[in-house]
Structures are given as C-alpha cells and as structure tokens.
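Participant: build me a model:
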Amino acid sequence: MIGSTKPLAAPLQPPSPTGRCLAPSSCAPDSPPALTRAVESPRPVKAAASSHVLRASPQLSRWSRSRALRSGRRPGSDRAKLSSASASVLPVNKSLQPEDAAVAVEDGEDDDVCVAERDAAAGKAIYMVSDGTGWTAEHAVNAALGQFEHCFVDRGCAVNTHLISMIDSMDRLLEIIKQAAKEGALVLYTLADPSMAESAKKACDFWGVPSTDVLRPTVEAIASHIGVAPSGIPRSSPSRQGQLTEDYFRRIDAIDFTIKQDDGAQPQNLNRADFVLAGVSRTGKTPLSIYLAQKGYKVANVPIVMGVNLPKTLFEISQDKIFGLTINPVVLQAIRKTRAKALGFGDGYQSNYAEMEHVRQELVHANQIFAQNPMWPVIGVTGKAIEETAAVIVRIYHDRKQKCSMPRISKRY
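Facilitator: This next block holds a predicted model:
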C-alpha cells in the first residue's frame, strides 16, 4: 500500500521565516526537486490580463468577469490598476512578512521578485492534492467557488488554484505541504490511502496549514452505510488496473458515434442516438455532445438554420430524446464575433453571422420550432457550464426512463 510503511515522524521543521516565495519553481532554488516537479506537472491556473473585455451589456460583463475570476484570470489590461485595487480589498498574504518586504526594498532587486509572487498577491492560493487524477478535488473546489461569485465580481477578490495530482510518495506529499506553508495556501486533498491522508493532516497541523480531507468523510459514510471497509487503494494504483470493462468500450463507441453525427451529419442514424441536441449555431452543441459522449451517451446534434428544413428523421424518432438549446442574444453575438475573428474574418468581412438583428431572428426562428414541438425540453445555456447543461439533460433522461411523472409540455431549464 502506498506510503503505509513510511512514518510521518521524519524531522518536520517549520518553514524558515526568511526568503519566503510563492513560486515553487522560479522562486525557491533551494527547494527539493520533487516538489518542483509536483507543482509544475499540472497546469496551474495563473492570473493573466485579458486583452479584451466584453462591453455589450452590464449583465454580460458581470457574467464574463465572474467566469474569468473563477478560473483565476484577471479581466482587463491595466495590471497596475487591478493590483492596487486588489491590495486595497484583500489582506496581505500571511507568508509575506514586513521583514521580507524590507529586505526586497533594501536590496533594490524589484526585478528579481517572482512573477508568481506578484500574481499571488491578487488572490489566496488553494492547493488541490490527489493521489489520482485530481478530478474529484478539482470539481469539488469549482463547485464551492461558485458560492463566492458575488465576491469575485463585486469586490474583485480572487483565488489561485493549483492541482497537484499523482502523489505517490510520502516525501512528495510533505514537500508540497511545506511549500503550501510558505505560500500561506489552503490544502484540500483526496488521498485514498488512510496513512497518506493521516500524514497529510498531521503535517498540515504541524506547519499551521489550513486543510480539509475532501474524500474521507464520504468514504466513511458509505462504509458505515453498506457495512464494508474501504480498500484504501488509489484508483491510479497498478493493483487497480484490471482488464478493460464493458463500460470502457461503451464510452469509446459513444465517442465515435458522436463525432460522426456532429453538425447534422448522417441524419439517418438519429434513431441510434441517446440524445439529439437542436439549436442555432454557437449554442455549444458540439462540446456538450462530446462531454456527454465521454460519459457513455451517444449524442447527435442538429443545427437550426433559417431557410433550411430540419431533417425528416428528426420528427420520426422518439421525441423524448430531443433537447433544444437556446441562449441570450447578446452573449451569442459576442461568441460569434469571437469565432469569426478566430477564423480570420476581419472587420471588412461582409456577413450577417454576428449581426444582432440576424442573431435575434435566428433565435426567434428556433423558439418557433421549439413551440411547435412541446415534447422537447428547452435548456437555456447562458452562463451555464457544459457540466451544468449536461446534468440537466441526464436528469431529464433518467426521469423519463424511470417513468417519473412529468408534464407533457415544453419547459425551460
């Protein structure tokens, strides 16, 4: 069992109060190589100035700013202004002591201050530590951060999240926690091995690092409920990697089917799909389809275009599997403008694709089709993550499959 034989009683020393840095790689030359690799191997979300801010409406700007801040980005190009605003709102990180600042000023080495240290001043650090892929910790943290959007938008507070996955040794775990102590970070961990989890807790207590075991309470609750002790083996452990299961091949088949059915292709196969998504261009049909396919659902998507008839097979299959997607016209216009620019179409390109009047007409046309087909649930995707929209679709699908009582009329979600 990983880490089960190595005790925590190694000489743990509190981090030195001098020479504190926030960047594991560029600002801690004397830090152990294992820690450097552990923190650099994931792709930490770094604060970066955005080159463009949507100004179509206050609601759109608020939504865009919220999404940017939740992902660790700082919208706007005026770094100085944002830094001063953040400094006036956020408390200074505890790891940055006055004596450290005095040393930096005295040496006159402002250019040597780590970029990561300046970025971290804009937000508190959160370390997500896992002995697997970190999927559970990452999604739990993202769900929790959703409860603080009012702070991200209204007061400019932010957080920097760092996912550190595949932790397979006690040494790496302790080095990461020591680095978290230097940075003043919160540590959230999902460690299946009970000895690793206990070591993480003791190390965090020793170094004064705030921490939470995200996985253990759920595991213990399930163990108590079913009366079976957990294995304590990480999912990434070689002992857990058995033969390929039927579920694996089902997901591969679903992904292959979904790719071939993208954007209205092969309408004769719509009857084989678990879900059929209908909506105007840029409502997120393709990424939503791929996300659902990775969960094992066969998905087809059909674009709604003015002047183009929908395929006849769409109305011949079971109407319970069809879902309509709609979106706010202002957001849709902004997405289409960005898409057109990414394709290399400049301001001189003549097209009504991203014109507001055309966008509104397309949405009105789609709403008329939805009204004519009341069996199709209509989901508004404005401000929703792909995971949120997918959750609504899967919930409706299982409710219908289990024959739960549902109104037989179109409903907006």
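
Participant: quick one: the strands in the protein, in order.
Facilitator: 124-130, 159-164, 186-190, 211-213, 275-279, 299-303, 322-326, 378-380 (DSSP state E).

Participant: I'd like those laid out as TSV, including mean pLDDT and mean neighbour count.
Facilitator: In short, each C-beta sits where N, CA and C put it, glycine included. Shown next, in TSV, are these (pLDDT from 0 to 100; neighbours: other CB atoms under 10 Å):
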stretch	mean pLDDT	mean neighbour count
strand 124-130	95	23
strand 159-164	92	24
strand 186-190	97	24
strand 211-213	96	18
strand 275-279	97	25
strand 299-303	97	25
strand 322-326	97	23
strand 378-380	96	20
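
Participant: redo these as CSV? Include distance to D262.
Facilitator: Formatted as CSV, these follow (distance: least, CB to CB, whole Å):
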stretch, distance to D262
strand 124-130, 33
strand 159-164, 30
strand 186-190, 34
strand 211-213, 41
strand 275-279, 10
strand 299-303, 6
strand 322-326, 14
strand 378-380, 19
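
Participant: tell me which of those sits nearest to Y397.
Facilitator: strand 275-279 (7.0 Å; CB to CB).

Participant: so what are the sheet partners of that closest one and their directions?
Facilitator: As defined by DSSP bridges, the strand partners of strand 275-279 come to strand 299-303 (parallel), strand 322-326 (parallel).

Participant: quick one, which of the ones you listed is nearest to H358?
Facilitator: strand 299-303 (14.8 Å).

Participant: contacts for that closest one?
Facilitator: With CB atoms under 8 Å, 6 or more residues apart in numbering as the test, strand 299-303 has contacts from 254, 257-258, 261-264, 267, 269-270, 273-281, 285-286, 288-289, 292-293, 310-311, 314.

Participant: residue ranges with poor pLDDT in this protein?
Facilitator: Low-confidence segments of the chain (pLDDT under 70): 1-122, 153-155, 240-243, 346-350, 404-413.

Participant: so how far is G344 from T218?
Facilitator: Distance of T218 to G344, given as CB to CB, to the nearest Å: 48 Å.

Participant: between those two, which one's more packed in?
Facilitator: Neighbour totals were compared for T218 and G344, and T218 leads with 13 against 7 (other CB atoms under 10 Å).

Participant: the strands paired with strand 275-279 into CSV, with extra columns for distance to S237?
Facilitator: Putting these into CSV (distance: least, CB to CB, whole Å) gives the following:
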stretch, distance to S237
strand 299-303, 32
strand 322-326, 39
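
Participant: quick one: which of the strands of the chain is nearest A340?
Facilitator: In terms of CB to CB, the element of the strands of the chain nearest to A340 is strand 299-303, at 16.6 Å.

Participant: quick one, what contacts F275?
Facilitator: 289, 292, 297-300, 321-323, 393, 397.

Participant: dump the residues you listed to JSON lines, plus distance to K124.
Facilitator: As requested, those are arranged in JSON lines below (distance: CB to CB, whole Å):
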{"residue": "S289", "distance to K124": "36"}
{"residue": "L292", "distance to K124": "34"}
{"residue": "Y297", "distance to K124": "38"}
{"residue": "K298", "distance to K124": "42"}
{"residue": "V299", "distance to K124": "38"}
{"residue": "A300", "distance to K124": "44"}
{"residue": "K321", "distance to K124": "44"}
{"residue": "I322", "distance to K124": "44"}
{"residue": "F323", "distance to K124": "39"}
{"residue": "I393", "distance to K124": "35"}
{"residue": "Y397", "distance to K124": "39"}
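
Participant: closest to L191 out of the residues you listed?
Facilitator: L292 (30.2 Å).

Participant: what's opposite the closest residue to that closest one other than its chain neighbours in the beta bridge?
Facilitator: Leaving aside its chain neighbours, L292 sits nearest to V299 (4.9 Å; criterion: CB to CB, 6 or more residues apart in numbering). As for beta bridges, V299 partners with F275 under DSSP bridges.

Participant: burial of A342, as a residue count?
Facilitator: Neighbour number of A342 under other CB under 10 Å is 8.

Participant: now swap in Q361 and tell me
Facilitator: Q361: 15 neighbours (other CB under 10 Å).

Participant: wouldn't it be in contact with M306 here?
Facilitator: Yes: using CB atoms under 8 Å, Q361 is in contact with M306, at 6.6 Å.

Participant: buried residues in stretch 238-254, which are they?
Facilitator: 251, 254 (16 or more other CB atoms under 10 Å).

Participant: so what touches that stretch?
Facilitator: With CB under 8 Å, 6+ apart as the test, stretch 238-254 has contacts from 233-234, 274, 293-299.

Participant: thanks a lot, catch you later.
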